[in-house]
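In: this one's structure only:
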């Protein structure tokens, strides 16, 4: 994992493969490999399938206890349990805190399942949002499953997924009558160990009886308004592309697309923002990788502490592929800054592409290939009038989009919980 997170993909894959080929390969090692596959451009579906089957094999061995109980289809208030182990980022944690806090308590009671007490920093977002909290640290899977059954949870929602392997057993042991995944990196290949399905973005148009589409997507954003009224290039005299990235996101395909773009546009630069980029190892990595394409001299590292300050200096946001999170893109769009993204269904960067599609920017901000990506970014670079219009004429429409109001995804989830639970009850399923 450490090798992959610092851009050493080949070495990282070899180490992961050696570890997971061992007869003693454990759940944590397998899940770590699955998480790291998100960063690999040419991710092997065969390899992913193999890893998921290994995970399923381990968890199915633990499914020795099954709790049987009758559904209560007429229940007016459903108890929803959220597995909130190790989430991908602080922004994922904050988002889930906002979602859980806004549930209609006339319809939903919430139980948070996490690691540690609510007084710990990692759980601050859930301090006032959850009606009940279960500290799962140092509790074995059988005891935890019994505790969850004792709470009479109706729908168990796994948010952390492969990010917290030790909590996956809560589903293989059937801890609730309905068990579903919400962005946890799981797959239908392991549905046999307790998953009833997963929530997906409605834009994915996935046709499956185990996929439940959410009309307004899987994310909600709370971006601050920044003070910039004009494009930075108008006062600076040069064009600034910007990207918020980690070293692991900078694969050869992304670097190639960004380098060709910089070399095609004279007097342009790429401003990178990220916690690890200014470390000596990070600087050496950037010089080496971008230097291979002759673009190292056009790369700068943002010294500002906050994202808003970074966005103050940027004309156009670039996003990495196949891995990028949608939070920076959402904040940029909310403030009228164009965002360029790659559409790769099933990969993490698709979250950004779906956000752009939801805002009607599919045709002029979303690409299907590396060449098209660079072309779209060049077109925005050559169109100062278009950039000005986005910061003025389009702002009101963008800010009214459903993704910027958490109540929309909350209502989507509540409607889905009720529908899924009643459907299961009508089929006569048991806990």
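Out: Received it, and whenever you're ready, just let me know what you need. The structure presented is a predicted model; accordingly, all values stated were derived computationally and were not measured. Residues are numbered from 1 along each chain as shown.
In: now do the SS call for the nearest residue to residue 229 once chain neighbours are set aside.
Out: When the adjacent residues along the chain are set aside, residue 229 lies closest to residue 391, with 7.2 Å between them (C-beta to C-beta, 6 or more residues apart in numbering). (Glycine included, C-beta is placed from N, CA and C.) At residue 391, secondary structure determined by DSSP: H, G, I helix; E, B strand; the rest coil is helix.
In: wait, isn't residue 391 in contact with residue 233?
Out: No. The pair residue 391 / residue 233 is not scored as a contact, 11.9 Å apart, by C-beta atoms under 8 Å.
In: which residues of the stretch 151-300 of the chain score low on pLDDT?
Out: For the stretch 151-300 of the chain, the stretches with pLDDT under 70 are 169-172, 184-195, 228.
In: just say helix, strand or coil for residue 104.
Out: coil.
In: excluding covalently adjacent residues, which one is nearest to residue 394?
Out: What sits nearest to residue 394 in space, not counting adjacent residues and going by C-beta to C-beta, 6+ apart, is residue 336, at 6.7 Å.
In: any idea how far the residue nearest to residue 229 lies from residue 373?
Out: 22 Å (C-beta to C-beta, to the nearest Å).
In: who has more neighbours out of those two?
Out: Set side by side, residue 391 and residue 373 show more neighbours around residue 373, with 25 against 16, by other C-beta atoms under 10 Å.
In: mind checking the SS state of that one?
Out: Of the three states, residue 373 takes helix under three-state DSSP.
In: coming back round to it: need the contact list for the residue nearest to residue 394.
Out: The contact partners of residue 336, taken as C-beta atoms under 8 Å, 6 or more residues apart in numbering, are 390, 391, 392, 394, 395, 398.
In: JSON lines for these, including distance to residue 42 and pLDDT?
Out: Converted to JSON lines, these look like this (distance: C-beta to C-beta, whole Å; pLDDT from 0 to 100):
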{"residue": "390", "distance to residue 42": "33", "pLDDT": "94"}
{"residue": "391", "distance to residue 42": "37", "pLDDT": "92"}
{"residue": "392", "distance to residue 42": "41", "pLDDT": "90"}
{"residue": "394", "distance to residue 42": "36", "pLDDT": "91"}
{"residue": "395", "distance to residue 42": "38", "pLDDT": "91"}
{"residue": "398", "distance to residue 42": "34", "pLDDT": "95"}
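In: top of those residues by number of neighbours, please.
Out: Going by other C-beta under 10 Å, residue 390 tops the contacts of residue 336 with 22 neighbours.
In: isn't that residue right next to residue 338, touching?
Out: Yes. The criterion here is C-beta under 8 Å, and residue 390 meets it with residue 338 at 5.8 Å.
In: host element of the most centrally placed residue in the chain?
Out: Nearest to the mean C-alpha position of the chain, counting by C-alpha atoms, centre = their mean, stands residue 325 at 5.6 Å. If you go by DSSP states H and E, residue 325 is not part of any helix or strand.
In: for the spatially closest residue to it that is not a sequence neighbour, give me phi and psi.
Out: Excluding the flanking residues, the one nearest residue 325 by C-beta to C-beta, 6+ apart is residue 89, at 6.4 Å. Main-chain torsions, residue 89, degrees, to the nearest 10: phi -150, psi 170.
In: for the one 5 residues further on, same thing?
Out: The main-chain torsion angles of residue 94 are listed as degrees, to the nearest 10 and equal phi -60, psi -40.
In: now do the contacts for the closest residue in space to it that isn't next to it in sequence.
Out: With sequence-adjacent residues excluded and distances taken as C-beta to C-beta, 6+ apart, residue 94 is closest to residue 125, at 5.2 Å. By C-beta under 8 Å, 6+ apart, the residues touching residue 125 are 93, 94, 96, 97, 98.
In: now, which of the contacts of residue 336 sits nearest residue 219?
Out: Proximity of these to residue 219 (C-beta to C-beta) peaks at residue 398, which lies at 14.9 Å.
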